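> everything below, folded, please.
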Amino acid sequence: MESVKEKRVLSPEHLEKLKISREKALVVRQKRAEEKKLEKQLATKEHEIKIDNIKERLEDISKPKKVVKPPDSDTDSEASVVVKKKKKKPKKIVIVEDTDSDDEQQQVIFVKRKKEPSAPIPVVAPVIAPVAPPEPQVSRRRDPNEIYAEHYQRNGFQRRY
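Numbering: from 1, shown residues only. Sure thing, here's the model as predicted:
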């Protein structure tokens, strides 16, 4: 009843071909492994170089910069290096009440007093008239031909029989 499948037996020339192909595959795998190893080493070296560059830039930034003063004989470079100072605006005087004195020559701002609201305005709700519900339509049994004619006018499809 039980049928056991026999093992496949390879001929000697098949075994020889299999041996050669396995050796070739081994060589290819070794080459790929070596390439991956070299790529990893390259990536780590690039990363180290990048980190070193960042550290150097950080050190350059953290060091105080030395200001080199130009020689006295060079007047053109001094003129181009002149720093402009911002002018301060004159202070404004705030007067709460209206006065008749014109003695002050500075800019004057009059601040109006806020008036308190006299009385709140009542909000009136709109009156909504009651709406009677619509009367239900009386449905009647329709003739199938009538239904077909209506659909044909709207959609333009035809009968199937």
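
> okay, CA-based contacts and neighbour counts for the rest of this
Noted.

> from I51, how far out is L58?
From L58 across to I51, the span is 11 Å (Cα to Cα, to the nearest Å).

> which parts of the protein are strands?
Listed in chain order, the strands of the chain (DSSP state E) span 93-95, 108-110.

> so where's this structure uncertain?
Of all residues in the chain, those with pLDDT under 70 make up the ranges 1, 64-83, 90-114, 117, 156-161.

> residue boundaries of the helices in it?
Assigned by DSSP state H, the helices in the chain fall at 12-62, 75-80, 144-155.

> quick one: closest of those helices to A125.
For the helices of the chain, proximity to A125 was assessed by Cα to Cα; helix 144-155 is nearest, at 46.1 Å.

> pull the CA atoms of the closest one into PDB?
Output of helix 144-155 as PDB, limited to C-alpha atoms (Å, rounded to 0.1, in the frame of the first residue of the first chain):
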ATOM      1  CA  PRO A 144     -45.200  48.400 -16.100                       C
ATOM      2  CA  ASN A 145     -45.500  49.800 -19.600                       C
ATOM      3  CA  GLU A 146     -46.100  53.300 -18.100                       C
ATOM      4  CA  ILE A 147     -42.900  52.800 -15.900                       C
ATOM      5  CA  TYR A 148     -41.000  51.700 -19.000                       C
ATOM      6  CA  ALA A 149     -42.200  54.700 -21.000                       C
ATOM      7  CA  GLU A 150     -41.100  57.100 -18.200                       C
ATOM      8  CA  HIS A 151     -37.600  55.500 -17.900                       C
ATOM      9  CA  TYR A 152     -37.200  55.400 -21.700                       C
ATOM     10  CA  GLN A 153     -37.900  59.200 -21.900                       C
ATOM     11  CA  ARG A 154     -35.400  59.900 -19.200                       C
ATOM     12  CA  ASN A 155     -32.600  57.400 -19.900                       C
END
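
> okay if I get the helices of the chain as JSON lines plus mean neighbour count and distance to I128?
Listed next are those as JSON lines, based on neighbours: other Cα atoms under 10 Å; distance: least, Cα to Cα, whole Å:
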{"stretch": "helix 12-62", "mean neighbour count": "12", "distance to I128": "75"}
{"stretch": "helix 75-80", "mean neighbour count": "10", "distance to I128": "78"}
{"stretch": "helix 144-155", "mean neighbour count": "11", "distance to I128": "39"}
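
> would you turn the ones you listed into CSV with distance to A119?
Output for the helices of the chain, formatted as CSV (distance: least, Cα to Cα, whole Å):
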stretch, distance to A119
helix 12-62, 66
helix 75-80, 66
helix 144-155, 62
